[in-house]
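Asks: coordinates for the following, if possible.
(2 chains)
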2 protein chains.
Amino acid sequence: MIRVILVEPEGEYNVGFIARLCKNFDVDQLYIVNPKCDLDKAKQFSAKGNTFLERAKVVDKLEDAIEDLDLKISTSSIADSKGDMLRKSMAPWEISSLIGRRQVGLVFGRESVGLTREEIAMTDIMVFIPANRDYPVLNLSHAVSIILYELWKSKVNENRISNDMNVSSETLGFIDKYVKLIYNDVRRSDGDDAMYVATKRSLFRGIRDEEEGRAVVRFLRKVYMRILHTQE
Amino acid sequence: MIRVILVEPEGEYNVGFIARLCKNFDVDQLYIVNPKCDLDKAKQFSAKGNTFLERAKVVDKLEDAIEDLDLKISTSSIADSKGDMLRKSMAPWEISSLIGRRQVGLVFGRESVGLTREEIAMTDIMVFIPANRDYPVLNLSHAVSIILYELWKSKVNENRISNDMNVSSETLGFIDKYVKLIYNDVRRSDGDDAMYVATKRSLFRGIRDEEEGRAVVRFLRKVYMRILHTQE
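Replies: Sure thing, here's the model as predicted:
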């Protein structure tokens, strides 16, 4: 379960955009601690995420938003300054492994001053989004988009399959066959062999799915027919 | 070199936030094609990224923003619908390996309707940000934040495998050229377009190094010469 927690957000547009992101990345809950902006105005920016604004739980203190959670993750654009144990950070791509089936809260601070040290201290882990050293300070809703994207991505990657499941052996067979037939027509010496190997392998590696594979087969077949035809 | 290209952006806040993101993630250039909003108002949202707004290059047509680039990457929230070769997508975490030292353009469409098929067709690759099937449509500047974050991340994790060190832009250019020349000879209808898109993209993705790339170019050139010859 993933809960996005905004601490004293100041900009309607950020709150609206974050509601939209909660829908985009299928978050479970949105909590808002002591909002400093007009949540109705936020609706202008939430698009199909407006249900998250309507269902958002507004509480007075951060404690009320995190007390029932297994894992609390804070975010900050100030991290890893020497000797500051509290701000030792993890990268966004490192946290997904910690989440699993836990009740997780992602805590985001104010646009102006972020989270206080006390607030960060209430969480288990602090995340820092790596960015330009000269100016790593992301706008609030963009920081949220990147964290939610990383968590979503780890979900997707768990179900990812390589093209050997997506492209049939039959299609790969046709690609091999037509590349070879065309090659046999244009080859001049045995040294040319590399052309066939390189082209076939590149196609085998590059093709993403059956549909794309068949389009490549159609192309190769047309090229071969074009060549055959001219031999009559 | 990374250039962010916005096609007819409609919202000042998005343009401003994107300028800020260009600074956060150390982008090289910002181009804006025929803006539909007030770029001065955008400054309210660009924070320390305002220099990108001041230096942004405004052009009339997408062509003017991409003509000098090695690799053009379009983005869309509509992807991988059956039978639509043009919208077969790569994931954000897959593109960094293609970038390396190339002159790269990231093309983002209108908030309202995104990029047209014609605009997507002007690019080499299309990226889709995986998100909730019920509502994968991200707000413009949040889509930008995720793509720029992924590219930054791959810079930070220098252990990436990039084919750019190994395959020259010139070689990729020849592959595009010859696949297109051959295609133009064998095509019978516009529907055939998928053959060209699928074959070119598969080769771009699949080729591992310059040697392999040149072998593929030799093959395509021989095939093309073979076809040309038979027309005499």
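Asks: distance of A:Phe17 relative to chain B?
Replies: 6 Å (CB to the nearest CB, to the nearest Å). Quick note: C-beta positions are derived from backbone N, CA and C, even for glycine.
Asks: ok, for that residue, nearest residue in space, not its chain neighbours?
Replies: Spatially, and ignoring its direct neighbours in sequence, A:Phe17 is nearest to A:Ser141 (3.9 Å; CB to CB, 6 or more residues apart in numbering or on different chains).
Asks: and chain A, what are its domains?
Replies: For chain A, the structural domains run A:2-162, A:169-231, going by automatic domain parsing.
Asks: now render these as TSV, adding mean neighbour count.
Replies: Formatted as TSV, the domains of chain A follow (neighbours: other CB atoms under 10 Å in any protein chain shown):
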stretch	mean neighbour count
domain A:2-162	18
domain A:169-231	18
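Asks: lowest-confidence stretch among the ones you listed?
Replies: Looking over those, mean pLDDT reaches its minimum on domain A:169-231, with a mean of 88.
Asks: how distant is that one from the center of its chain?
Replies: Domain A:169-231 has its C-alpha centroid displaced from the chain centroid by 35 Å (CA atoms, centre = their mean, to the nearest Å).
Asks: touching chain B at all, it?
Replies: Yes. Legend: contact between domain A:169-231 and chain B by CB under 8 Å from any CB of the partner chain is shown at A:182-183, A:185-187, A:192, A:194-199, A:201-209, A:211-213, A:215-216, A:218-220, A:222-223, A:225-227, A:230.
Asks: helices - which of the residues you listed land there?
Replies: Of the residues of domain A:169-231 next to chain B, the ones assigned to helices by DSSP state H are A:182-183, A:185-186, A:194-199, A:201-206, A:211-213, A:215-216, A:218-220, A:222-223, A:225-227.
Asks: quick one, strands of chain A?
Replies: Using DSSP state E, the strands found in chain A span residues A:2-7, A:29-33, A:57-59, A:71-75, A:104-108, A:125-127.
Asks: want to throw those strands into JSON lines with distance to B:Ser169?
Replies: Output for these, formatted as JSON lines (distance: least, CB to CB, whole Å):
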{"stretch": "strand A:2-7", "distance to B:Ser169": "41"}
{"stretch": "strand A:29-33", "distance to B:Ser169": "45"}
{"stretch": "strand A:57-59", "distance to B:Ser169": "52"}
{"stretch": "strand A:71-75", "distance to B:Ser169": "38"}
{"stretch": "strand A:104-108", "distance to B:Ser169": "40"}
{"stretch": "strand A:125-127", "distance to B:Ser169": "36"}
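Asks: how near is the residue nearest the centre of chain A to chain B?
Replies: Most central in chain A under CA atoms, centre = their mean is A:Tyr149, positioned 3.6 Å from the mean C-alpha point. Distance, A:Tyr149 to chain B, by CB to the nearest CB: 5 Å.
Asks: same thing with A:Val58?
Replies: A:Val58 sits 23 Å away from chain B, going by CB to the nearest CB.
Asks: equivalent analysis for A:Lys57, please.
Replies: In terms of CB to the nearest CB, A:Lys57 sits 21 Å off from chain B.
Asks: for A:Ser168, report the pLDDT, please.
Replies: On the pLDDT scale, A:Ser168 gets 84.
Asks: can you pull the contacts of the closest residue to A:Leu6 other than its chain neighbours?
Replies: The shortest distance from A:Leu6 to any non-neighbouring residue, by CB to CB, 6+ apart, is to A:Ile32 (5.0 Å). Neighbouring residues of A:Ile32 by CB atoms under 8 Å, 6 or more residues apart in numbering or on different chains: A:5-6, A:9, A:15, A:39, A:56-59.
Asks: now whichever residue of chain A sits closest to chain B, nearest residue through space, not along the chain?
Replies: Among all residues of chain A, A:Gly206 sits closest to chain B, at 2.7 Å; criterion: CB to the nearest CB. Leaving aside its sequence neighbours, A:Gly206 sits nearest to B:Gly206 (CB to CB, 6+ apart; 2.7 Å).
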